[in-house]
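Student: Quick one: sequence and predicted model below, then my questions.
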Amino acid sequence: MRRQRKTKILATLGPASSSPEMVEKLHLAGVDVFRLNFSHGEHADHKARYDTIRALEEKQGRPIGILADLQGPKIRIGTFADGPIKLEDGDKFTLDLQDKPGDKTRVSLPHPKVMESLEVGTELLLDDGKLRLKVLKASPETADCEVMVGGKLSDRKGVNIPNAIVKMSALTEKDRRDLDFALELGVDWVALSFVQRPEDVAEIKKIVSGRAGVMAKIEKPAAVDELDGIIELADAIMVARGDLGVEIPLQKVPSIQKNIISVAREAGKPVVVATQMLESMITSPVPTRAEVTDVANAIYDGADAVMLSAESAAGEYPYEAVSTMSNIAEETELDVNYQKRMDNQHGILEATTADAISAAASQVARTINATSIVTYTTSGSTALRAARERGTTPILALTPSLPTARRLAIVWGLHCVHTEDAANFADMVEKACNICFKEGFARPGERIVIMAGVPFGTPGSTNILRIAWVGEKTLNLD
């Protein structure tokens, strides 16, 4: 099954999309990677969805990626004794660690590490930013605040702290249990919420220990400030515009999104744009024009993938949402300005053989009008470098590692095939030609460009660039 686009699609599974029939329908409509959202559902629910995806993968004969998205810390206030309260601008209001219901003057913030992080001048956003408090006096047990923007406040509303480093791990005890479960299942990616510093990524990577790729969600101002260090450690990046749009002035989100995509692409790390991409399709079979433009803009910027959340998990039109997103991607990539933008956004090549071969392969393929670039890869690094070029020629990533094939399903432009590694040079050429023909990327008489490394099967050894003809005698499809 060949996609007619290079941008990949992630879709979240949930109550509206968990049946085997719907999962298959969504995959055929365009989903390359499925997201399991551990903020909702029980482990049994996620295992059932995982098993459904893997059964579909075997049926379709195509590697399908699975992303486990960890919930992360949820900072919330406590409850109120007499129901919701109304805070006015200028009111004084206290947050504390007392284990008792709140009133018009105070409420519990039952997070000791958060309380330790508050200082005079720290701003707190409550209920998705609808209310704003400023700390006037702080101690490890209490924070006396002034109400900057008032409103109605009720039980267990969320708290965001945009201008402070919160002294707590990005992994809660729930996250650690969920992570162990997800890794035992065999997911391909783990998304980490509440990332503030590179150390947060290092912490989870030590636990994951290579069993899955680690995707850092950029949703806090502190993460934006530490972007270079986070991208260096993470295997992929997600522009998580939900909390990011709460903690950063809304008007700054577009430029920050573009910068994150640019820096991730420069580093050769996959980058996903998420949150509210086709939000209206939760209840409508068609999106707004603004949403279509939003998705297209992420594609024009060169994002590896775009993601659906509630649209596919709980919406009334999951199939239509995926189909719409796929159609937007296909149409955007047909625009002549799209490839011009990709050509103008090349990153600086590193002084490595892999980068030199990848850049040369893209240029050679374009010059000789090759129908495809074939890259042999074990770890996935060669395929990532090839995709980083954002060239016009389709890329087939051939790998003997099924986990690698699944993980690469999220990467821009890669058509992943799980196959045995080449035994020798002649086998490399024959296998590449056969697979290109079988997968619909080349016909007899057409040329392909092959990237590989010798000795075969050695990760990071890309050192060969070969042009091959797909000939009638070469093809051996038995």
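Tutor: Okay, I see it.

Student: Does residue 125 belong to a helix, a strand or coil?
Tutor: strand (DSSP: H, G, I helix; E, B strand; the rest coil).

Student: Quick check: it touching residue 157?
Tutor: No: using C-beta atoms under 8 Å, residue 125 is not in contact with residue 157, being 10.1 Å away. All C-beta atoms are positioned from the backbone trio N, CA, C, and that covers glycine.

Student: Compare these two (neighbour count), which wins?
Tutor: With neighbours defined as other C-beta atoms under 10 Å, residue 125 and residue 157 compare such that residue 125 has more, 20 against 17.

Student: so how far is residue 250 from that one?
Tutor: According to C-beta to C-beta, to the nearest Å, residue 125 stands 12 Å off from residue 250.

Student: Now tell me what touches stretch 216-232 from outside.
Tutor: 69, 72, 162-163, 165, 191-198, 200-201, 233-234, 236-244, 247-248, 256, 259-260, 263-264, 267, 269 (C-beta atoms under 8 Å, 6 or more residues apart in numbering).

Student: So which bits of that stretch are buried?
Tutor: Across stretch 216-232, burial judged by 16 or more other C-beta atoms under 10 Å covers 216-224, 226-227, 230-231.

Student: Quick check: of those, which lies closest to residue 35?
Tutor: Nearest to residue 35 among those: residue 217, at 11.8 Å, using C-beta to C-beta.

Student: Direction included, what does the helix or strand harbouring that closest one pair up with?
Tutor: Following DSSP states H and E, one finds residue 217 within strand 213-218. The pairing partners recorded for strand 213-218 under DSSP bridges are strand 189-192 (parallel), strand 236-240 (parallel).

Student: Kindly reformat those strands as a markdown table and extend each row with distance to residue 355 and mean neighbour count.
Tutor: Formatted as a markdown table, the strands paired with strand 213-218 follow (distance: least, C-beta to C-beta, whole Å; neighbours: other C-beta atoms under 10 Å):
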| stretch | distance to residue 355 | mean neighbour count |
| --- | --- | --- |
| strand 189-192 | 24 | 26 |
| strand 236-240 | 19 | 27 |
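
Student: Roughly how far does residue 8 sit from residue 382?
Tutor: Distance of residue 8 to residue 382, computed by C-beta to C-beta: 18 Å.

Student: and what of residue 449?
Tutor: Separation of residue 449 from residue 382 (C-beta to C-beta) stands at 13 Å.

Student: repeat for residue 185
Tutor: 27 Å.

Student: ok, the two, which is more surrounded?
Tutor: residue 382 (25 against 18).

Student: Wait, a strand at that one?
Tutor: No: counting by three-state DSSP, residue 382 is not part of a strand but helix.

Student: doesn't residue 463 make contact with it?
Tutor: No: using C-beta under 8 Å, residue 382 makes no contact with residue 463, being 10.2 Å away.
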